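*Asks:* Next input, structure requested:
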Amino acid sequence: MATSSSNGHGLNKLYPDAATALADIARDGMLLAIGGFGLCGVPDILITALRDTGVRNLTIASNNAGVDKWGIGQLLQTRQVKKMISSYVGENAEFERQFLQGELEVEFAPQGTLAERLRAGGAGIPGFYTRTGVGTLVAEGKEHKDFDGHTYILERGIVADLALVKAWKADTQGNLVYRRTARNFNPNAATCGKITIAEAEIIVQPGELDPDEIHTPGIFVHRVVHNPNPEKRIEKITTRNPESPEA
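*Replies:* Next up is the predicted model:
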């Protein structure tokens, strides 16, 4: 468990492993926000630990559903997900099968809208108006309002019961630094969770991170786990024929 340190640096949020960090939190019917974009910046050991808890009827807000048997795809494989709130789901055959068979509820959200819904939830903003999606299926059942001659639809902010995010570096107080493309949906997901758990490749002590480089302040993060050797998959591999004149 996390403990109050005696070194003058305040609360130590580092947990020994992902299973321990989730043990007293995971429950059926939760709404989760999970960071990641494609296969980049995915909190994979936290997702695996969540799968192993056996919780069911989950609603997950995440840009995509991973791929078959990896990332959120693990939770689909074990039928633990009731609903996905996503912008892209094209790489997961099991997702497609469950959706077409009526076994999985899907709420499509344009990518920018989903990012803003997460950010708004973290900022205490219950809703906002956007032109994105007007006149499409996305707008069905949503409030419409005109501003300056244009029609907008009302989108609700997302406040998750639990947020799972992936960072590159973290200190033991929960301050996070993301690396390059992994700084995708993770910062917004981190702020909108009532409880946020981060996994990080590198753990340092308080004061070792440059304050100007911190992307998510530790005030938003409740627990941290160390994942020093994350699996870094390549979503699409494109190669050239070395004998080609263009190579």
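
*Asks:* Show the subsequent helix or strand relative to the one helix or strand in the chain whose mean pLDDT sits lowest.
*Replies:* For the chain, counting by mean pLDDT, DSSP states H and E, strand 3-4 ranks last in confidence among helices and strands (a mean of 43). For strand 3-4, the following helix or strand on the C-terminal side (DSSP states H and E) is strand 11-12.

*Asks:* How about the contacts made by residue 171?
*Replies:* Residue 171 sits next to 203, 204, 205, 206, 207, 208, 209, 218 when contact means C-beta atoms under 8 Å, 6 or more residues apart in numbering. For every residue, glycine as well, the C-beta is placed using N, CA and C.

*Asks:* Those residues in strands, which ones?
*Replies:* If you go by DSSP state E, the contacts of residue 171 have 203, 204 in strands.

*Asks:* Could you dump the contacts of residue 171 into TSV and include distance to residue 127 and neighbour count?
*Replies:* Output for the contacts of residue 171, formatted as TSV (distance: C-beta to C-beta, whole Å; neighbours: other C-beta atoms under 10 Å):
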residue	distance to residue 127	neighbour count
203	37	17
204	38	14
205	40	13
206	37	18
207	39	11
208	39	12
209	34	18
218	28	21
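
*Asks:* Same list (the contacts of residue 171) but as CSV, adding distance to residue 172.
*Replies:* Putting those into CSV (distance: C-beta to C-beta, whole Å) gives the following:
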residue, distance to residue 172
203, 7
204, 8
205, 6
206, 6
207, 10
208, 10
209, 11
218, 9
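
*Asks:* Does residue 83 touch residue 59 like I think?
*Replies:* Yes: using C-beta atoms under 8 Å, residue 83 is in contact with residue 59, at 4.3 Å.

*Asks:* Now residue 50: which helix or strand?
*Replies:* helix 44-53.

*Asks:* in the chain, which ranges drop under the pLDDT threshold?
*Replies:* Scanning the chain for pLDDT under 70 picks out 1-10, 244-247.

*Asks:* where does the residue nearest to residue 134 when sequence neighbours are not counted fall, helix, sheet strand or coil?
*Replies:* Leaving aside its sequence neighbours, residue 134 sits nearest to residue 151 (C-beta to C-beta, 6 or more residues apart in numbering; 5.2 Å). State at residue 151, reduced to three classes by DSSP: H, G, I helix; E, B strand; the rest coil: strand.

*Asks:* Just grab the bridge partners of residue 151 for me.
*Replies:* Under the criterion DSSP bridges, residue 151 forms beta bridges with residue 146.

*Asks:* which helices and strands sit right next to the longest helix along the chain?
*Replies:* Longest helix of the chain, by residue count under DSSP state H: helix 111-122. If contacts are counted by 3 or more C-beta pairs under 8 Å, 6 or more residues apart in numbering; DSSP states H and E, helix 111-122 sits against strand 58-61, strand 127-130, strand 150-156, helix 186-192.
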